[in-house]
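Colleague: take a look and give me a structure for this.
(chains A, B, C and D)
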2 protein chains.
Amino acid sequence: MPVTIRDVARAAGVSITTVSHAFNGYEDVGDETKKRVLQVAKDLNYRPSRVARSLVLQQTQSVGLLISDFNANPGSNHFLFDVLAGIHNRLAELGYDVTLLSTTTARQQLISYIDFCTERRLEGVIVMGMRMDDPYMQEVADASLVSVGIDLPILSRHCGYVMTDNVGGAKQGVKHLLSKNHRRIGFVNGHLHAVVSIDRLRGYEDALQDEGIAVDPELIVHSDFLVEGGEKATAALLERRPDVTAIFYASDLMALGGMRHLQKAGRRIPEDVAVVGYDNVDVGQWVVPALTTVGQKRYEMGTSAAEMLVGMLQRKEEPRACVLQAEMVIRQSS
Amino acid sequence: MPVTIRDVARAAGVSITTVSHAFNGYEDVGDETKKRVLQVAKDLNYRPSRVARSLVLQQTQSVGLLISDFNANPGSNHFLFDVLAGIHNRLAELGYDVTLLSTTTARQQLISYIDFCTERRLEGVIVMGMRMDDPYMQEVADASLVSVGIDLPILSRHCGYVMTDNVGGAKQGVKHLLSKNHRRIGFVNGHLHAVVSIDRLRGYEDALQDEGIAVDPELIVHSDFLVEGGEKATAALLERRPDVTAIFYASDLMALGGMRHLQKAGRRIPEDVAVVGYDNVDVGQWVVPALTTVGQKRYEMGTSAAEMLVGMLQRKEEPRACVLQAEMVIRQSS
DNA sequence: CTGTTAGCGCATTCAA
DNA sequence: TTGAATGCGCTAACAG
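Modeller: Residues are numbered from 1 along each chain as shown, chains lettered A, B, ... in the order given. Here you go, the predicted structure:
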């Protein structure tokens, strides 16, 4: 029931070809005619149908945004939302629509996400919030669908990714502490079956070694990225090595837990023990003392992913690994 | 280049009608034929094109999700993301696709969001993150496009909304304090040109009056919803009325600021002063003492909006105001 | 039960 | 410079 190209043609007294040409920037339409057509179109409130256009052009100019399980990532919502904003804004600028997609609904509809994309003729997909051990992971890697992963280090012929340099990020965090003359720096890491934990450990070690400081295994303790875990880990660390003057945490949540314990234990922050976290969660700026941390450029991860995808789509660029630098946020806890 | 219905028909040795019927659950296809067709389709990896389907059916089965300015809502991202998850999941269950949309990109493309929706033949829109004074507001209200607002109390012939009962929410919060035998309860409200502030004030007053307690203007102070503001407001309140035994805040951030001040001032929470916030932000559960608060059912707001929209679309239901109950989250600060 | 035909709204040859 | 005709992949009358 919306007005079609035919309505406009009729009302303007021309053929549909002319209307089409007038709208699509062809040079072969008389100035007079063109003006009249455009005016009539406006009067009639005509809007060309993207679906008809997609059908004949055989391209939809739209991509999917696969957000794994929406609720499987408690605490990382702020992260996902910022990335989402970056993705959408850049993609919109580049002329692409984005359709939401989640594994939850795919699962319940018993159709693979590849099928979902095929049905809608989506030209590519950006995948985020997915863990490496997700069964859908394999599908993403194998599929011939052009895709870009966020924090998903998988590189294949049609599959690039964007992530943050965790080694470098951790290194920055520790170097910051070293620059404040700390020498006995504890490290509360996450569990080792997370890729980021391994990288952040590397960064911690690298930073120390760059300064000629030996890595002391007693200073390193593993936890689970969460508040309670960080609290317990800090207690354990302090018991084993009461002489630490600074602690680097692989997540802000653990750092918050750690600060809680330190304060209970009567240690002043940062005078007695300096604290640096990782993630740059919102809370960090509100606690006392405000948390120094190393964060990811979330919005920028989104725009980068968008640009990479469009590059692959339009200019047949090779998929690549885009590793963004982490950014140090220095506040009062260090 | 994807496989079409014709390819399947040819390969299965039937007409395209038969394939179409086999796929769309018609009863008039022989069991044998049907099985063969489906098998062939699977072998060929055939997926019916939604765009062709949309064109002929004159309906896209997809709706837009308008997220005002993505970055204009610092601090409310977790809120928007949860709502988004609810919207998407429910909409997917109901068979609708959701396309992202923001006023930022609309503005830069110089096209109204109505035009955007028309071009894509979107059947409806859900609007969120928009403030009442946004110029796009008018467009939403006027447009003949079926739409549902989140926290946007606008009701018109094709425009319903979902929001949380702020009067009731505040009432619950204060009643909770009353049940703990508090009688001198301070109220740190947000600025009065926000709708929610007015409602929450009503709730505060109602709760007191229900108990026969007179509202004491000295106990009410206004601030800006943020941490610093809450801190200052609390200081001012305590100075004026040092005898308060509890404070109700119109936002969690202000409550956090307030707790900071109370602790500095040597008041124990909740023994000397009990604290209740509003919003249920994530941080609340991690601070010490954990913050009692009244929150919105974010995910449910999303699912409700999705259901309302689909109801209006499929069953021509009248737009309505869906007001969800707030939910009390009782923790250690009260 | 199955096949033939027309047409959804548009872009694009090819003629005029 | 403009117009008539064809087809993108699919559904829906209608015929057989």
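Colleague: for the rest of this, base every contact and every neighbour count on C-alpha atoms.
Modeller: OK.
Colleague: tell me the contacts of A:E205?
Modeller: Going by Cα atoms under 8 Å, 6 or more residues apart in numbering or on different chains, A:E205 touches A:K171, A:V215.
Colleague: swap that for A:Y46, please
Modeller: Contacts were defined as Cα under 8 Å, 6+ apart; by that measure A:Y46 touches A:P2, A:V3, A:T4, A:I5, A:V8.
Colleague: try A:H191
Modeller: A:H191 makes contact with A:S197, A:H222, A:S223, A:D224, A:F225, according to Cα under 8 Å, 6+ apart.
Colleague: quick one: it is in a helix?
Modeller: No: read with DSSP: H, G, I helix; E, B strand; the rest coil, A:H191 is coil and lies in no helix.
Colleague: got the residues of the stretch 51-200 of chain A near chain B?
Modeller: A:51-52, A:54-55, A:70-71, A:75, A:77-78, A:81-82, A:85, A:88-89, A:92-93, A:97-100, A:102, A:104-105, A:115, A:118-121 (Cα under 8 Å from any Cα of the partner chain).
Colleague: if any of those are buried, give me the ChimeraX selection for them.
Modeller: Filtering these down to the buried ones (16 or more other Cα atoms under 10 Å in any protein chain shown) takes a single ChimeraX command:
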select /A:51,52,54,55,70,71,77,78,81,82,85,88,89,92,97,98,99,100,102,104,105,118,119,120,121
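Colleague: filtering the residues of the stretch 51-200 of chain A next to chain B by proximity to DNA strand C, which remain?
Modeller: On the criterion Cα under 7 Å from any atom of the strand, A:A52, A:L55 are the entries of those that sit beside DNA strand C.
Colleague: so which of the residues of the stretch 51-200 of chain A next to chain B belong to helices?
Modeller: A:51-52, A:54-55, A:77-78, A:81-82, A:85, A:88-89, A:92-93, A:104-105, A:115, A:118-119 (DSSP state H).
Colleague: wait, A:V125 sits on A:L145?
Modeller: Yes: in this structure, A:V125 is within contact of A:L145 by Cα atoms under 8 Å, at 7.5 Å.
Colleague: per-residue confidence at A:L313?
Modeller: If you check A:L313, the pLDDT there is 96.
Colleague: that one is in what secondary structure piece?
Modeller: Here A:L313, judged by DSSP states H and E, is contained in helix A:298-314.
Colleague: and that helix, which residues are buried?
Modeller: For helix A:298-314, a neighbour-count test (16+ other Cα under 10 Å) marks A:298-310, A:312-313 as buried.
Colleague: for that helix, name the packing helices and strands.
Modeller: helix A:77-93, strand A:125-127, strand A:147-150, strand A:159-164 (3 or more Cα pairs under 8 Å, 6 or more residues apart in numbering or on different chains; DSSP states H and E).
Colleague: tell me the mean pLDDT over the shortest one?
Modeller: In this model, strand A:125-127 has a mean pLDDT of 95.
Colleague: which element is encountered next along the chain beyond it?
Modeller: Next along the chain after strand A:125-127, taking DSSP H and E as the criterion, comes helix A:135-142.
Colleague: in the stretch 151-300 of chain A, what residue is nearest DNA strand D?
Modeller: The minimum distance from the stretch 151-300 of chain A to DNA strand D, using Cα to the nearest atom of the strand, falls at A:H158 (22.2 Å).
Colleague: that residue - how many residues pack around it?
Modeller: A:H158 has 23 neighbours, counted by other Cα atoms under 10 Å in any protein chain shown.
Colleague: and what of A:Q138?
Modeller: Counted with other Cα under 10 Å, residues neighbouring A:Q138 total 12.
Colleague: as JSON lines, the contacts of A:Y46 with secondary structure would be great.
Modeller: Listed next are the contacts of A:Y46 as JSON lines, based on three-state DSSP:
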{"residue": "A:P2", "secondary structure": "coil"}
{"residue": "A:V3", "secondary structure": "coil"}
{"residue": "A:T4", "secondary structure": "coil"}
{"residue": "A:I5", "secondary structure": "helix"}
{"residue": "A:V8", "secondary structure": "helix"}
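Colleague: show me which of those residues are buried.
Modeller: Buried, going by 16+ other Cα under 10 Å: A:T4, A:I5, A:V8, out of the contacts of A:Y46.
Colleague: look up how far A:I16 lies from the last one.
Modeller: As for A:V8, its distance to A:I16 is 8 Å (criterion: Cα to Cα, to the nearest Å).
Colleague: swap in the first one?
Modeller: As judged by Cα to Cα, A:T4 and A:I16 stand 10 Å apart.
Colleague: quick one: the residue of the stretch 201-334 of chain A found nearest chain B and A:F225, what's the gap?
Modeller: Taking Cα to the nearest Cα, chain B has its nearest neighbour within the stretch 201-334 of chain A at A:V283, 6.2 Å off. Distance, A:V283 to A:F225, using Cα to Cα: 15 Å.
Colleague: quick one: closest of the helices and strands packed on helix A:298-314 to B:G266.
Modeller: The closest of the helices and strands packed on helix A:298-314 to B:G266 is helix A:77-93. By Cα to Cα, the value is 33.4 Å.
Colleague: re earlier: ok, the residue of the stretch 151-300 of chain A closest to DNA strand D to A:F187 distance?
Modeller: 38 Å.
Colleague: so for A:I114, what's the pLDDT?
Modeller: For A:I114, the predicted pLDDT is 87.
Colleague: which residue lies closest in space to the closest residue to DNA strand C within the stretch 151-300 of chain A, excluding its sequence neighbours?
Modeller: With Cα to the nearest atom of the strand as the measure, A:H158 is the residue of the stretch 151-300 of chain A nearest to DNA strand C, at 25.9 Å. Nearest non-adjacent residue to A:H158, counting by Cα to Cα, 6 or more residues apart in numbering or on different chains: A:V146, 4.8 Å away.
Colleague: how long is stretch A:284-298 from one end to the other?
Modeller: End to end - Cα to Cα - stretch A:284-298 spans 16 Å.
Colleague: for A:S20, give its distance to A:A9.
Modeller: According to Cα to Cα, A:S20 and A:A9 sit 9 Å apart.
Colleague: flag every buried residue along stretch A:55-62.
Modeller: Buried, per 16+ other Cα under 10 Å, within stretch A:55-62: A:L55, A:T60, A:Q61, A:S62.
Colleague: with just CA atoms, put it into CSV.
Modeller: What follows is stretch A:55-62, C-alpha atoms only, in CSV (Å, rounded to 0.1, in the frame of the first residue of the first chain):
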residue,chain,number,x,y,z
LEU,A,55,15.9,-8.5,-5.0
VAL,A,56,16.8,-7.1,-8.3
LEU,A,57,20.3,-5.9,-7.3
GLN,A,58,21.0,-9.2,-5.6
GLN,A,59,22.5,-7.5,-2.6
THR,A,60,20.8,-6.3,0.6
GLN,A,61,23.3,-3.9,1.9
SER,A,62,22.8,-5.3,5.3
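Colleague: and DNA strand D, is that stretch touching that?
Modeller: Yes: with Cα under 7 Å from any atom of the strand as the measure, stretch A:55-62 is seen reaching DNA strand D through A:L55, A:V56, A:Q58.
Colleague: I appreciate the help and will end here.
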